[in-house]
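Peer 1: requesting a structural model of the entry that follows:
(one chain, ligands or ions: 1)
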Amino acid sequence: MSSFTESEERQTLRREVTKLAKTYGREYFTRCARSGEKTTDLWLAIGKAGYLGINIPEEYGGGGGGIGDVAAVCEELAAQGCPLLMMVVSPAICGTVISRFGTDAQKQKWLPGICDGSETMAFAITEPDAGTNSHNITTTARRDGDDWVLKGQKTYISGMDESKSVLVVSRAEDAKTGKLKPCLFVVPTDAPGLSFTPIPMEIVSPELQFQVFIDDVRLPADAIVGDEDAGLVQLFAGLNPERIMAASFSTGLGRFALDRATEYVKTREVFGAPIGSHQGIAHPLAQSKIEIELARLMTQKASALYEAGDDMGAGEAANMAKYAAAEAACDAADRAVQSHGGNGITQEYGVAGLLVAARAGRIAPVSREMILNFVGMHSLGLPKSY
Ligand SMILES: Cc1cc2nc3c(=O)[nH]c(=O)nc-3n(C[C@H](O)[C@H](O)[C@H](O)COP(=O)(O)OP(=O)(O)OC[C@H]3O[C@@H](n4cnc5c(N)ncnc54)[C@H](O)[C@@H]3O)c2cc1C
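Peer 2: Sure, this is the predicted structure:
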């Protein structure tokens, strides 16, 4: 195998996921989105096939693979028109953090359900007043005997209605310094004091975002994941997987948009020849092909570095991949709409709906500006700008 080719095993995985995703397809995904149904059938099918927890250790019901494997699953689903945001959240962020820092009992409790899809876990860090500056979050955890009591508010939290629990980033008082330090807690979504309400979004997706209210939610001592004094390190451990997954979500979506456009311009005739014969149509699509392939390559590099244990190297590559993939997906979606002319705006052709989904990749889980800040500071050695 050359270092620029994925392993035979990973290529087979991609083919198998594609086959499964095709049995559902874009029509199923948009029908669920527009009727308010959930893609639970697809989610459980991915879980049953072993793809959902493919990155999680085998002893906890996973496939024992790496982040590149679960990223490939996410990308191929999106490439068939089924972009599942909860793939980024449940197995990749929550699954990674719990696998790396949870106790054996916590892993036994949560990982098998994350793998088979029966115990999906949401992830909540964003707060209305802190936004991008997650150092400013104010959700707090205070000790009460052996218990913890959580109070605060989160926003834009994906999939609360489909999840059994949510990994909440909170702050607890450090007994020694009195300062507030980040800590991670698993909170059941039906815990007394926890409530959530959907935010009306313009994305055509069955997966919704929520405002989450945490009003004196009482948790047992074992709800805290990992070391109380190392919350930041543990949180950072989830960031590279999050970025690699977000990049794969975007490259998959970009591929789907490009496939739709390419197929259309091969047959649509206006001046006596397929519109794809005009360079004004063909070149932007060719550009998208190049941009998506470059983003995929960087995503694969980030996965390989992460799997090799090079967290710093993976950090730079994962940020670059996430940036490049989101840009490529936005351009591909825009070009797909343009290639379809008026049909590009209809529900029948379903391409315009990709615009907002692709656009969200420029904002979440980390915005393009924060990636540019990272690259300016860490890759170029420029002064910190914020
Ligand atoms: C579809 C979707 C799903 C999401 N799912 C989740 C989830 O499951 N869990 C979760 O915790 N969060 C989730 N989020 C939240 C997401 O992570 C945030 O929206 C994102 O981090 C940006 O925060 P904000 O919306 O508060 O924007 P703000 O922080 O208000 O920023 C607004 C704009 O200002 C820019 N900006 C801010 N500071 C700087 C700076 N220093 N330099 C340059 N530019 C700057 C930002 O890049 C952005 O473009 C989701 C968001 C979306 C859209």
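
Peer 1: which residue packs closest to residue 305, ignoring adjacent ones?
Peer 2: When the adjacent residues along the chain are set aside, residue 305 lies closest to residue 314, with 3.9 Å between them (C-beta to C-beta, 6 or more residues apart in numbering). C-beta: built from backbone N, CA, C; applies to glycine.

Peer 1: look up how far the ligand lies from that neighbour.
Peer 2: Distance, residue 314 to the ligand, by C-beta to the nearest ligand atom, to the nearest Å: 20 Å.

Peer 1: got the contact list for that residue?
Peer 2: 240, 244, 302, 305, 306 (C-beta atoms under 8 Å, 6 or more residues apart in numbering).

Peer 1: residue 204: what's it in contact with?
Peer 2: 30, 33, 34, 350, 353, 356, 357.

Peer 1: which of those are buried, as a ChimeraX select command?
Peer 2: In ChimeraX, a selection of the buried entries from the contacts of residue 204 looks like this (16 or more other C-beta atoms under 10 Å):
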select :30,33,350,353,357
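
Peer 1: picking that back up, pLDDT score for the residue nearest to residue 305?
Peer 2: With respect to pLDDT, residue 314 scores 94.

Peer 1: next, the residue in the stretch 101-250 of the chain that the ligand sits nearest to: secondary structure please.
Peer 2: Nearest residue of the stretch 101-250 of the chain to the ligand, counting by C-beta to the nearest ligand atom: residue 131, 2.6 Å away. Going by DSSP: H, G, I helix; E, B strand; the rest coil, the secondary structure assigned to residue 131 is coil.

Peer 1: got phi/psi on it?
Peer 2: Backbone geometry at residue 131, expressed as degrees, to the nearest 10, gives phi 50, psi -130.

Peer 1: number of nearby residues for it?
Peer 2: 13 (other C-beta atoms under 10 Å).

Peer 1: so who does it touch?
Peer 2: Contacts of residue 131 by C-beta under 8 Å, 6+ apart: none found.

Peer 1: distance of the spatially most central residue of the chain relative to the ligand?
Peer 2: Among the residues of the chain, the one closest to the centroid is residue 88, at 2.8 Å (C-alpha atoms, centre = their mean). From residue 88 over to the ligand the distance is 8 Å, taken as C-beta to the nearest ligand atom.

Peer 1: which helix or which strand is home to the residue nearest to residue 305?
Peer 2: helix 311-339 (DSSP states H and E).

Peer 1: list the buried ones in that helix?
Peer 2: For helix 311-339, by 16+ other C-beta under 10 Å, it's 313-337, 339.

Peer 1: sounds good, over and out.
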